[in-house]
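# Sequence first, predicted model second:
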Amino acid sequence: MVLEDAHSNQTADPKTVLCFGDSLTWGFDPRGGANLVRYGFTKRWTRLLQAELGSSYHVVENGLNGRTTVFDDPVLGDMSGLAQLPIALKSNMPLDLVIMLLGSNDVKTRFGVNGDEIARGLSRLLEVVSKSNFGPGGKAPSTLVLVPPEMGEVSGTWLEPMFEPVHSRTGLQRLRETYPTVASAFGAQCFDLNEVVGPGATDGIHFDPDSLKPVAIALAQVVRDLLRD
């Protein structure tokens, strides 16, 4: 009887949101250049998102510098999001929502792929989530695809050797068209970050400090709408 009373007084578990991405999710601070400087814990958009959502949500941060949708990096090594996603899902289940922010690394010159091919890579990750049982009640989690910001000016930065301006910029621009289509095919939602922030002003790729809060505020509303009971 005591156990039953104790159980009945327990509050509901928070809704768990996995943020799966690359350096944009890791919290790369472009002001540090190639030195792998990370925004402080409370400054990153993932932590700001947690603050916006409150205690009824649990935001899990899973970002990796250099992570791609499906491509292993011949320079950096194992960077395929497709290979790493199942582990992230299993280790954090049950998941109410998976937020994916990938694609910026895929437009590096060494991969030689375009925005359509990157979207096909994303579709393989969405398939993994949609066929999984890592959500509440053994169902698949909901998924939110984020379109990464378009590329700004990388000339003169440490990133310049990695990104061919025309190819890379065109590739990221194309994702604004291809990502919503792919997301829809898997019943996922899509949000274009270009509606909130512009290209990175510091190195052309990463979030500047003044971009973090707007991203968190916008995504908090999207998350609430998606997970509203």
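Looks like it arrived, so ask away.
# Residues contacting the helix or strand containing Met100, please?
In the assignment (DSSP states H and E), Met100 maps to strand 97-101. Residues outside strand 97-101 that contact it (Cβ atoms under 8 Å, 6 or more residues apart in numbering): 15-22, 24-25, 81, 89, 122, 125-126, 129, 141-146, 148, 193, 219, 223, 226-227. Where you see a C-beta, it was placed from the backbone N, CA and C, and this is true even at glycine.
# In the sheet, which strands lie alongside that strand, parallel or antiparallel?
Each strand paired with strand 97-101, and its direction, by DSSP bridges: strand 15-21 (parallel), strand 142-147 (parallel).
# for the ones you listed, which one sits closest to Phe134?
strand 15-21 (9.2 Å; Cβ to Cβ).
# Return the list of helices and strands in contact with the helix or strand just after that closest one.
Counting by DSSP H and E, the next helix or strand C-terminal to strand 15-21 is helix 23-26. Packing partners of helix 23-26 (3 or more Cβ pairs under 8 Å, 6 or more residues apart in numbering; DSSP states H and E): strand 57-63.
# Please name the nearest non-neighbouring residue to the spatially most central residue of the chain.
Residue closest to the mean C-alpha point of the chain, counted by Cα atoms, centre = their mean, is Leu101 at 2.4 Å. Once flanking residues are discounted, Leu101 sits nearest to Gly21: 3.6 Å by Cβ to Cβ, 6 or more residues apart in numbering.
# go on, Thr202?
In space, Thr202 is closest to Pro30, 3.8 Å off (Cβ to Cβ, 6+ apart).
# likewise Thr143?
The nearest residue in space to Thr143 (Cβ to Cβ, 6+ apart) is Ala188, at 3.9 Å.
# so what pLDDT did that neighbour get?
Note on Ala188: pLDDT of 98.
# what's the burial count for it?
Neighbourhood size, Ala188 [other Cβ atoms under 10 Å]: 22.
# Tell me how far it lies from Asp13.
Ala188 sits at a distance of 23 Å from Asp13 (criterion: Cβ to Cβ, to the nearest Å).
# Let me know whether Ala185 touches Leu122 as I believe.
No. In this structure Ala185 lies outside contact range of Leu122 using Cβ atoms under 8 Å: 10.5 Å.
# Look at these two and report which has more neighbours.
Leu122 (26 against 13).
# The nearest residue to that one once chain neighbours are set aside: what's it in contact with?
Nearest residue to Leu122 in three dimensions, chain neighbours excluded: Thr69, at 5.1 Å (Cβ to Cβ, 6+ apart). Counting by Cβ under 8 Å, 6+ apart, Thr69 touches 80-82, 102-103, 106, 118, 121-122, 124-125.
# please redo it, this time with the cut-off set to 10 Å
By Cβ atoms under 10 Å, 6 or more residues apart in numbering, the contact set of Thr69 is 22, 79-82, 85, 100, 102-103, 105-106, 111, 113, 117-125.
# cool, and Gly66?
By Cβ under 10 Å, 6+ apart, the neighbours of Gly66 are 22-23, 26, 73, 75-79, 104-105, 108, 162.
# quick one: Arg31 from Arg38, how far?
Applying Cβ to Cβ to Arg31 and Arg38 gives a distance of 11 Å.
# Gly32 looks like it's in a helix, true?
Yes. Counting by DSSP: H, G, I helix; E, B strand; the rest coil, Gly32 is part of a helix.
# dump the residue contacts of it.
38-39, 158, 202-203, 206.
# now swap in Asn133 and tell me
So Asn133 contacts 89, 93-94, 139-141 (Cβ under 10 Å, 6+ apart).
# I'm done for today, thanks for sticking with me.
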